[in-house]
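# Structure, please.
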Amino acid sequence: MNARERYIAVFDDKKRKMLDRIPTHVQYIREGFISKYKHKIMKSYHGRLFNNIYFDIPYVLGFESIFARFPLSYKIRSIKIQDNEGKKIRIKENGQSIKRKSTYYEGGFIHSIEILDDLWANLKLIDNSEYITKLINYYDKLAPYIFPVLTVDGIFDRVWKSMGMPIFSRNFKKKTKLYKKLIEFYAELTKKNIEGLINATGDRGKVVAILDDVAFKGSSMISKERWDQDFNPFY
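Modelled structure (predicted):
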């Protein structure tokens, strides 16, 4: 079995029984780790490489699959709002400031229906079929050796981050209109990206992982009942 066959077999009851071993997977490898250990990892390696450090390093380390992005099928122009201190900032669909002090999460600013409506009004669908197809063709060449697991952003993780946890918690408890519309908004974006992928590449064999983090330090951030009520219908 090659890397693609091994990974896809996991999702098939019959093929899973014929797996020669459990496939190895890594979500991604941090840039800092690559910068620090690249020379040490590569100096004694003389095998196959793909001239792409994102795939080369995990492949050399023995991983058979890794998360991989593909082009979006929408654009949303940023909008200008006032933050909690009255300063004017620009945000995009994730609800976070475009100009940030670090790469870490710094809070979300979609605190009203009006802000969300402005973002939704700026949504423009785009045909990225050509770019998607080229990238999937490239991924297909890698797949026997290291399988790119395609990823799209999910719903819950983006909903709370777009508001910030304190505001999200209040809206979550009350099931406000803003909370419900944010779920619809991010569900629509997820749907459009998957549709764009399917329209570009048809039924070519692939796996798409919808990335939605619902846990923090080993504990669920939302009950199963509320997940089933609020989010599962969209999935």
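# so what strands line up beside the helix or strand of the chain with the lowest mean pLDDT?
The helix or strand of the chain with the poorest confidence is strand 215-216; it has a mean of 83 (mean pLDDT, DSSP states H and E). Sheet neighbours of strand 215-216, with direction, are listed as strand 219-220 (antiparallel) (DSSP bridges).
# Could you report the neighbour count for residue 146?
For residue 146, the tally of surrounding residues (other Cβ atoms under 10 Å) stands at 29. Using the backbone N, CA and C atoms, a C-beta is placed for each residue, glycine as well.
# Identify the bridge partners of the residue nearest to the spatial centre of the chain.
In the chain, the residue lying closest to the centroid (Cα atoms, centre = their mean) is residue 153, at 3.3 Å. Residue 153 has these beta-bridge partners by DSSP bridges: residue 211.
# dump the residue contacts of it.
Contact analysis of residue 153 by Cβ atoms under 8 Å, 6 or more residues apart in numbering lists 186, 189-190, 210-212.
# any idea how far it lies from residue 74?
12 Å (Cβ to Cβ, to the nearest Å).
# Can you check which residues contact both of the two?
Joint contacts of residue 153 and residue 74 (Cβ under 8 Å, 6+ apart) are residue 189.
# mind checking pLDDT for the residue nearest to residue 25 when sequence neighbours are not counted?
Closest residue to residue 25 apart from its sequence neighbours, by Cβ to Cβ, 6 or more residues apart in numbering: residue 65 at 4.5 Å. Reported pLDDT at residue 65 in the predicted model: 98.
# the helices in the protein, which residues?
3-9, 13-17, 31-42, 53-60, 113-121, 129-142, 156-163, 165-174, 177-201, 224-226 (DSSP state H).
# most neighbours per residue, which of these?
Of all the helices of the chain, helix 156-163 carries the top mean neighbour count, a mean of 22, counting by mean count of other Cβ atoms under 10 Å.
# Any chance you could list what contacts that helix?
Counting by Cβ under 8 Å, 6+ apart, residues outside helix 156-163 touching it are 94-96, 105, 108-111, 168, 171-172, 178-179, 182-183, 186, 211-214, 221-222, 227, 231.
# And for stretch 31-47?
53, 56-57, 60-61.
# would you turn those residues into TSV with pLDDT?
Output for these, formatted as TSV (pLDDT from 0 to 100):
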residue	pLDDT
53	97
56	98
57	98
60	98
61	98
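# Which of those residues sits closest to residue 19?
Among the contacts of stretch 31-47, residue 61 lies closest to residue 19 (Cβ to Cβ), at 20.9 Å.
# so what's the closest one up against?
Contacts of residue 61 by Cβ under 8 Å, 6+ apart are 26, 29, 41.
# and these as TSV, adding distance to residue 162 and pLDDT?
Below are these laid out as TSV (distance: Cβ to Cβ, whole Å; pLDDT from 0 to 100):
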residue	distance to residue 162	pLDDT
26	28	98
29	27	98
41	37	96
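# With distance to residue 137 added, can I get these in CSV?
What follows is those, written out as CSV (distance: Cβ to Cβ, whole Å):
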residue, distance to residue 137
26, 23
29, 24
41, 28
